[in-house]
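Engineer: Next input, structure requested:
(one chain, ligands or ions: 1)
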Amino acid sequence: MTEEPRIIVALDCPSEAEALRLTAQLDPARCRLKVGKELFTRLGPVFVERLQRDGFAVFLDLKFHDIPNTVAAACAAAADLGVWMINVHASGGRAMMVAARERLVGRSRPPRLIAVTVLTSLDETDLSEIGCPGDPAQRVLQLARLTNEAGLDGIVCSPREAALVRAAVGPGLCLVTPGVRPATTAVGDQKRVMTPREALVAGADYLVIGRPITAAPDPMAALAAIESEIEGLDRPPAAREKN
Ligand SMILES: O=c1ccn([C@@H]2O[C@H](COP(=O)(O)O)[C@@H](O)[C@H]2O)c(=O)[nH]1
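Structural biologist: Coordinates of the predicted model:
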């Protein structure tokens, strides 16, 4: 595999031993890793540094959502770890996203800063219950536009909204999509999903995939099957230009 990996494996594990058992089977040339709230709360920055020493590019998925000053400071702390990508919630608003972006200016290798639009575990009914009635895709689009205006590098959305967002904001915004399920795997708590191939065809730059790989009997074989499914698909410009 010569090109930069488009698959980000969500390393959602209950312990360091379990996480290392998995990463020992994964190849940093073929996937990036996403460290989320569970692992970071248990193991902290030291574990992130360990993964990077092992050669993995790390997306630190802590989804900051707070007042601008607090989020900007948290982003600076995350950037100090030297990770590849960090994120905030777009619903924290324009001022919060701008503050986060500005706090990263001047660093020699800043992380890519992206914003979560609408969690892929939510559908129209869930959104209505939290006071946001309407089509999830329209809300994603609204938050994608706001994120773009705030000058961030990309968004997290479901692959179902990728084509709509691409058409509206163009090739410059990086689209990172969880909610990806190979046809034979369980959907679980995800509600807006597509297969890996469908996601890339729709315009996703990166696929975040957890349980279909991490819960597989042979994680590397599961990753290889996904690679075969997406082989030959062109990389969208946002991913080609900025790895
Ligand atoms: O909208 C979102 C934002 C983040 N996630 C994260 O992605 C992975 C998905 O894991 P699967 O096992 O493939 O469902 C997980 O770490 C989430 O926290 C998301 O799913 N949706």
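Engineer: rest of the way, CA atoms for contacts and neighbours
Structural biologist: Fine.
Engineer: Could you list the contact residues of this protein toward the ligand?
Structural biologist: For the chain, the residues in contact with the ligand (CA under 6 Å from any ligand atom) are 10, 12, 36, 118-120, 157, 178-179, 208-211.
Engineer: Could you export the residues you listed as JSON lines, including secondary structure?
Structural biologist: Putting those into JSON lines (DSSP: H, G, I helix; E, B strand; the rest coil) gives the following:
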{"residue": "Ala10", "secondary structure": "strand"}
{"residue": "Asp12", "secondary structure": "coil"}
{"residue": "Gly36", "secondary structure": "coil"}
{"residue": "Val118", "secondary structure": "coil"}
{"residue": "Leu119", "secondary structure": "coil"}
{"residue": "Thr120", "secondary structure": "coil"}
{"residue": "Cys157", "secondary structure": "coil"}
{"residue": "Pro178", "secondary structure": "coil"}
{"residue": "Gly179", "secondary structure": "coil"}
{"residue": "Val208", "secondary structure": "strand"}
{"residue": "Ile209", "secondary structure": "strand"}
{"residue": "Gly210", "secondary structure": "coil"}
{"residue": "Arg211", "secondary structure": "helix"}
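Engineer: now, which of those residues sits nearest Ala95?
Structural biologist: Closest approach between the residues of the chain next to the ligand and Ala95, by CA to CA: Val118, at 18.6 Å.
Engineer: give the contact list for the closest one.
Structural biologist: Pro136, Arg139, Val140, Val156, Cys157, Ser158 (CA atoms under 8 Å, 6 or more residues apart in numbering).
Engineer: out of these, who has the most neighbours?
Structural biologist: Neighbour counts for the contacts of Val118 (other CA atoms under 10 Å) peak at Ser158, which has 31 neighbours.
Engineer: contacting residues around that one?
Structural biologist: Val118, Leu119, Thr120, Thr177, Pro178, Gly179, Val180, Arg192, Val193.
Engineer: what about 6 Å?
Structural biologist: Ser158 is in contact with Thr120, Thr177, Pro178, Gly179, counting by CA atoms under 6 Å, 6 or more residues apart in numbering.
Engineer: Perfect, I'm done here.
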